[in-house]
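Asks: structure here, sequence nowhere to be found:
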């Protein structure tokens, strides 16, 4: 029969275990050794070459015989209607063999070796057809130390798997040899079935375990089982599964059914779930320029310092840090330490950033917190309710283009601001991580560190007797604490930053990136404009010595008309050499300079001369104002001198007699010094007389 059997060149190459082209070359070189014939294809086209099985090697012929033994079974399985075979496949037909190999490596490799033993048995069984039973018993005992009955069951499973492999291969043309290996493995234990737990009881367990109140209160599996017992009594359930079975079912729900994230949502709340479990995406900070995007936020230190109020009272507080982080370089800018942060503190932080830290430059964008300090109308220029509505913001700015202010950010020249959504700190990841680093590297160094309850564990709180430490003088003052902060910041910006290294930056330190990488450049508005936008005005009395603030006096010529009146002033916190003076209508009067105090005794000539000049300017201005105020409206100059308006006396009294005698000076210095008595010694009077004489001569000539 073997001599009459033919196979295709492809199948013959597979039986020989060589490539198709290799077999073709062999046949061409040894034509006499191979019995071939041509056969017309059913689909037409070029004829197909077939090779006689007895022309193949002994190994190829044995492989063909092994396949022929299973041919009938394979054809029977392949011919079964789809509706009959569906749902009747062995477990390994639809199994993921790669997953199985990964999960059960030992079993898979043992099955591979067992398959080799079975193929050797089938090959040797041909010569023992008469005593096959005896041969099977001996073969199984010698090679596997198993009974013949067990071994025959293994052979049957192997042959059935080979039949399914042939059926599936016939359908799509792919190899399914791995089925023979899986068939020799034990079927994986079914997970999640839990037949001892009815469907309604499974749902009850879910209801209890995933209940929000139950999860938030951190109740245990033991609590769940007790609640389940109460439900069983109310429902009339006669039998409950064991406690261990319920615990395994909960573990199955959490791990195999991937419901752990849903449980943590109920237990931790949406805010913490978003922070820890919600999918996020890393940002490409390297594509930004330096100063193109700054992130701003506030951080309350987990330590205590002494704060001195305006009334002189001292008490311990947890200081707050207000600062900005350059997203590209991680450089800390505009950092301030305060008791409580508000919009005014934020303004001062930006002023320091723009005019002190940079200086004279503004960033392009700000990524700010959603808090009311950052999103107030005076900061954004629009109502807080429209802070996330870009269309409303654009429309508002377009319609009110002539407003005196567009919000502090825009007035400073910042192009736009981006507001993080509530409770989504990861959108400002760079500044949040810098705060985390500050806790680990800075805050914990202080004796007054008390930890925080905002961490994942309540034991993060460190008990300290803060009141006692304050009484003993062991707490730093705000000023001393700020000096320590500046030292830490200097170290922070000059050491290798892991975020810069992970981003693939050429420079690994914040200061190096800040100074060397491409920078966004835009000039800041005049400092005076910024201070006017920054400061809230306060009332101040203008005395005849000036306005007293910070222990100094401020005066300017423009303030002279306001002596003994109250005006508004604004002060630059970083430059106390001058103050800005505002009238009651909001107009700028002047920028008054700090005056040098006159010393008792001999004062400096320059200071004294400047003071005298100001006095004379004031006197002259007052006289000029009076002269203008008394100028008659009808052109009667004499009336003005008489105190008359329209020929009506303004006061009641008698006119005194006019004296034609002028009183002579009684000063002896004048009498003895002839220089004072020389006529026409005044240059001004001489020049005026000369001009009058020239006019009279011209008039006479005319």
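Replies: Alright, I've got the coordinates. Bear in mind the structure is a predicted one, so any value in this text is a computation, not a measurement.
Asks: below-threshold pLDDT in the stretch 551-700 of the chain: ranges please.
Replies: For the stretch 551-700 of the chain, the stretches with pLDDT under 70 are 573-575, 596-615, 618, 622, 625-626, 629-700.
Asks: switch to 50 and redo it
Replies: Scanning the stretch 551-700 of the chain for pLDDT under 50 picks out the ranges 597-604, 639-648, 650-651, 659, 661-663, 665-681.
Asks: where exactly do the helices run in the stretch 401-550 of the chain?
Replies: Ranges of helices within the stretch 401-550 of the chain are 408-411, 429-441, 466-471, 478-493, 498-502, 510-516, 527-534, based on DSSP state H, counting those that start in this stretch.
Asks: just so I know, which of the ones you listed lies nearest residue 172?
Replies: In terms of C-beta to C-beta, the element of those nearest to residue 172 is helix 498-502, at 45.4 Å. C-betas here are computed from N, CA, C, even on glycine.
Asks: what lies in contact with the closest one?
Replies: Contact partners of helix 498-502, identified using C-beta atoms under 8 Å, 6 or more residues apart in numbering, comprise 285, 329, 330, 430, 433, 507, 508, 509, 510, 513.
Asks: could you turn the buried ones of these into a ChimeraX selection?
Replies: Applying 16 or more other C-beta atoms under 10 Å to the contacts of helix 498-502, the buried members can be selected in ChimeraX as follows:
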select :285,329,330,430,433,507,509,510,513
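Asks: surely residue 174 meets residue 168?
Replies: Yes. Counting by C-beta atoms under 8 Å, residue 174 does reach residue 168; the two are 7.5 Å apart.
Asks: more crowded one of these two?
Replies: Neighbour tally, residue 174 and residue 168, criterion other C-beta atoms under 10 Å: the higher count belongs to residue 168, 18 against 8.
Asks: and that one, what does it touch?
Replies: 93, 174, 176, 179.
Asks: now it: phi and psi?
Replies: Main-chain dihedrals, residue 168, degrees, to the nearest 10: phi -70, psi -40.
Asks: show the pLDDT at it.
Replies: pLDDT recorded at residue 168 is 85.
Asks: the one 10 residues further on too?
Replies: Among the per-residue scores, residue 178 shows a pLDDT of 86.
Asks: if you skip the residues just before and after it, what's nearest to it?
Replies: Excluding its sequence neighbours, the residue lying closest to residue 178 (C-beta to C-beta, 6 or more residues apart in numbering) is residue 97, at 4.7 Å.
Asks: you'd agree the one you found is up against residue 177?
Replies: No. Using C-beta under 8 Å, residue 97 is not in contact with residue 177, being 10.2 Å away.
Asks: of these two, who's got more company?
Replies: residue 97 (15 against 11).
Asks: what's the separation between that one and residue 107?
Replies: Distance, residue 97 to residue 107, by C-beta to C-beta, to the nearest Å: 12 Å.
Asks: roughly how far does residue 205 sit from residue 262?
Replies: Note on residue 205: its distance to residue 262, by C-beta to C-beta, is 14 Å.
Asks: neighbour count winner among those two?
Replies: Neighbours per residue, other C-beta under 10 Å: of residue 205 and residue 262, the larger number sits with residue 205, 22 against 16.
Asks: which ones are touching that one?
Replies: Applying C-beta under 8 Å, 6+ apart to residue 205 gives the contacts 197, 224, 228, 246, 249, 250.
Asks: circling back: switch the contacts of residue 168 over to JSON lines; also include secondary structure and distance to residue 136.
Replies: Formatted as JSON lines, the contacts of residue 168 follow (DSSP: H, G, I helix; E, B strand; the rest coil; distance: C-beta to C-beta, whole Å):
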{"residue": "93", "secondary structure": "helix", "distance to residue 136": "27"}
{"residue": "174", "secondary structure": "coil", "distance to residue 136": "33"}
{"residue": "176", "secondary structure": "coil", "distance to residue 136": "27"}
{"residue": "179", "secondary structure": "helix", "distance to residue 136": "23"}
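Asks: so which of these comes closest to residue 216?
Replies: Using C-beta to C-beta, the shortest approach to residue 216 within the contacts of residue 168 belongs to residue 93, at 46.0 Å.
Asks: pretty sure the closest one sits against residue 164.
Replies: Yes. Judged on C-beta under 8 Å, residue 93 makes contact with residue 164 at a distance of 5.8 Å.
Asks: which residues are common contacts for those two?
Replies: Common contacts of residue 93 and residue 164, defined by C-beta under 8 Å, 6+ apart, comprise residue 179.
Asks: would you map the strands across the stretch 1-150 of the chain?
Replies: Secondary structure of the stretch 1-150 of the chain (DSSP state E, counting those that start in this stretch): strands at 6-8, 36-39, 48-52.
Asks: do you know which of the ones you listed lies nearest residue 443?
Replies: Counting by C-beta to C-beta, residue 443 lies closest to strand 6-8 out of the strands of the stretch 1-150 of the chain; the figure is 78.4 Å.
Asks: what sits against residue 325?
Replies: By C-beta under 8 Å, 6+ apart, the residues touching residue 325 are 294, 295, 296, 331, 332, 333, 430, 431, 434.
Asks: rerun that using 10 Å as the cut-off
Replies: Contacts here follow C-beta atoms under 10 Å, 6 or more residues apart in numbering; on that basis residue 325 touches 293-297, 331-335, 367, 428-435, 510.
Asks: re earlier: adding distance to residue 158 and mean neighbour count, write the strands of the stretch 1-150 of the chain out as CSV.
Replies: CSV is the format used below for the strands of the stretch 1-150 of the chain (distance: least, C-beta to C-beta, whole Å; neighbours: other C-beta atoms under 10 Å):
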stretch, distance to residue 158, mean neighbour count
strand 6-8, 22, 17
strand 36-39, 32, 11
strand 48-52, 27, 18
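Asks: residue 482 is nearest to which of those strands?
Replies: Ranking the strands of the stretch 1-150 of the chain by distance to residue 482, with C-beta to C-beta as the measure, places strand 6-8 first at 87.8 Å.
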